[in-house]
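Asks: Can you look at this prediction? I've put the sequence above it.
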Amino acid sequence: MKIAMRKLAGALGLATVVATSVTASFSAVAADNRPFIVGVTMPKTGAAAQYGPLIENGMRVAITHINAEGGIAGRKVQLEIRDSATNPQRAVLAAKELVEEAKVDFLFPEIVSGLALAVLPYSTERKMLTITNASAPQIGDAKQYPYSFQLGDLANKRAPAMATAMKKLGGKRVGILVSTNPGNIATGEQLQAELPTKYGLQVASYKTYDGNAKDLTAQLQALKDAGADIIAFDAAIRDSIRAVMTSLQTLGWNVKIICGVAPIAGDLKELVPASVQSQFYALNYRVGTRAGTPKPELAQFITELKKAGPINNIAFSAIARDILYMVKYSYDKAAKEKGSTSADNVKAVLEGLGTAKDFPAGYSLVLGNPRYNAGDHSTANVDYSKLWGLIRASTPVDGQYEGEELVAE
């Protein structure tokens, strides 16, 4: 009897220790009064400076709401931003400063793919969890960058929308012109491979150019000589739109151009010469396309975003907002279910999104649940068919451009 009582007491003691340990781990998370620091390295100056205000303003609106909802893992959110000046070396230095000096809890590692890919070897070595909307497929490679996640349209998933737009505009022989930024190259390679095999469009020629080029007359002339009757164009910086359309004007070539989503920002009528404005079309996220009444969640976001000033493209601000809500979801769940917000715990939560039933619909204005899994940290499993709008050279109203919804093939 005494032995049995000792065993029972021992078991109860062990249960108490376990329960106390679990309670302590949750209490430690809840009692952490330090701010949750979101580190952002992005181009506020330099060739890709158009992204700075779009990303920052979207994040600040999100942080206001997230803090009103209790913060992330019970901690108030604070934003720390460093300017990479559109330079890969400076992007890495900015990331190091944020991680090692500012002690950030999460890192947004650039929006331009070439800059993000410069940062990721460092953030991977430090086991720093990152989410970016840069489009290069390598960013979501779980083997190469196990703590990197991609939340935006994948560059090599744009062909269906591009093909649908070009067919709509009567194109048959496509000239492909893309910058040498990794995301744009991925778009170009997918178009070259899939337009003839999947969409019944011929590829007349495929040309690349240095992303900072101001004159694309030679490349366009080569596409014209090859018999192109429509141009698929993808770039990383806003001024590339001016370069391609001015060069088109110089040639006097009456051909339509379908531009990718990345360089769209600000008043497109200021970028595109009047004489060729009717030839310019571009893909844009549907949330950034003025076609019907915005959904209530988007309308509220527009109202909040306008307080920071004119909205140059709500699509990128919305995806920045969604990234921070993805951070909130994953860190909150790691704290609640795993007892800590270590990089590995948060990574495991994100990798479970492929089967998760609890991702709130209101946390995403653009893509919805990205459905990550352990082998794929990209948005490859998202349904892109209704993501897009087809816009024209126009002045944005509340960050939305004149256009129409585009249902991709």
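Replies: Nice, thanks for sending it over. Numbering: from 1, shown residues only.
Asks: alpha carbons only for contacts and neighbour counts from here, please
Replies: OK.
Asks: Strands along the protein, start to end?
Replies: For the chain, the strands defined by DSSP state E occupy 36-42, 77-83, 106-109, 130-132, 148-150, 173-179, 202-209, 230-234, 256-259, 280-285, 289-290, 388-392, 401-406.
Asks: Make CSV from these and add mean pLDDT to it.
Replies: Formatted as CSV, the strands of the chain follow (pLDDT from 0 to 100):
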stretch, mean pLDDT
strand 36-42, 97
strand 77-83, 98
strand 106-109, 98
strand 130-132, 98
strand 148-150, 98
strand 173-179, 98
strand 202-209, 98
strand 230-234, 98
strand 256-259, 98
strand 280-285, 97
strand 289-290, 94
strand 388-392, 97
strand 401-406, 96
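Asks: Quick one: closest of those strands to T246.
Replies: strand 280-285 (11.3 Å; Cα to Cα).
Asks: Tell me which other helices or strands that closest one touches.
Replies: In terms of contacts (3 or more Cα pairs under 8 Å, 6 or more residues apart in numbering; DSSP states H and E), strand 280-285 is packed against strand 256-259, strand 388-392.
Asks: Output the strands of the chain as JSON lines; include the columns mean neighbour count and distance to S340.
Replies: Listed next are the strands of the chain as JSON lines, based on neighbours: other Cα atoms under 10 Å; distance: least, Cα to Cα, whole Å:
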{"stretch": "strand 36-42", "mean neighbour count": "25", "distance to S340": "13"}
{"stretch": "strand 77-83", "mean neighbour count": "18", "distance to S340": "17"}
{"stretch": "strand 106-109", "mean neighbour count": "24", "distance to S340": "14"}
{"stretch": "strand 130-132", "mean neighbour count": "26", "distance to S340": "17"}
{"stretch": "strand 148-150", "mean neighbour count": "27", "distance to S340": "19"}
{"stretch": "strand 173-179", "mean neighbour count": "26", "distance to S340": "42"}
{"stretch": "strand 202-209", "mean neighbour count": "19", "distance to S340": "46"}
{"stretch": "strand 230-234", "mean neighbour count": "27", "distance to S340": "42"}
{"stretch": "strand 256-259", "mean neighbour count": "24", "distance to S340": "44"}
{"stretch": "strand 280-285", "mean neighbour count": "25", "distance to S340": "35"}
{"stretch": "strand 289-290", "mean neighbour count": "24", "distance to S340": "40"}
{"stretch": "strand 388-392", "mean neighbour count": "26", "distance to S340": "38"}
{"stretch": "strand 401-406", "mean neighbour count": "21", "distance to S340": "43"}
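Asks: How is this protein divided into domains?
Replies: The chain breaks down into these domains under automatic domain parsing: 36-155+297-363, 157-291+387-406.
Asks: Quick one: the helices in the stretch 51-200 of the chain, in order.
Replies: 51-68, 88-96, 113-125, 159-168, 182-198 (DSSP state H, counting those that start in this stretch).
Asks: and these as a markdown table, adding mean pLDDT, distance to E402 and mean neighbour count?
Replies: Formatted as a markdown table, the helices of the stretch 51-200 of the chain follow (pLDDT from 0 to 100; distance: least, Cα to Cα, whole Å; neighbours: other Cα atoms under 10 Å):
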| stretch | mean pLDDT | distance to E402 | mean neighbour count |
| --- | --- | --- | --- |
| helix 51-68 | 95 | 19 | 20 |
| helix 88-96 | 98 | 34 | 21 |
| helix 113-125 | 97 | 27 | 20 |
| helix 159-168 | 96 | 15 | 21 |
| helix 182-198 | 96 | 24 | 20 |
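Asks: Once you drop chain neighbours, what's closest to L353?
Replies: Spatial nearest neighbour of L353, excluding adjacent residues (Cα to Cα, 6 or more residues apart in numbering): R371 at 4.8 Å.
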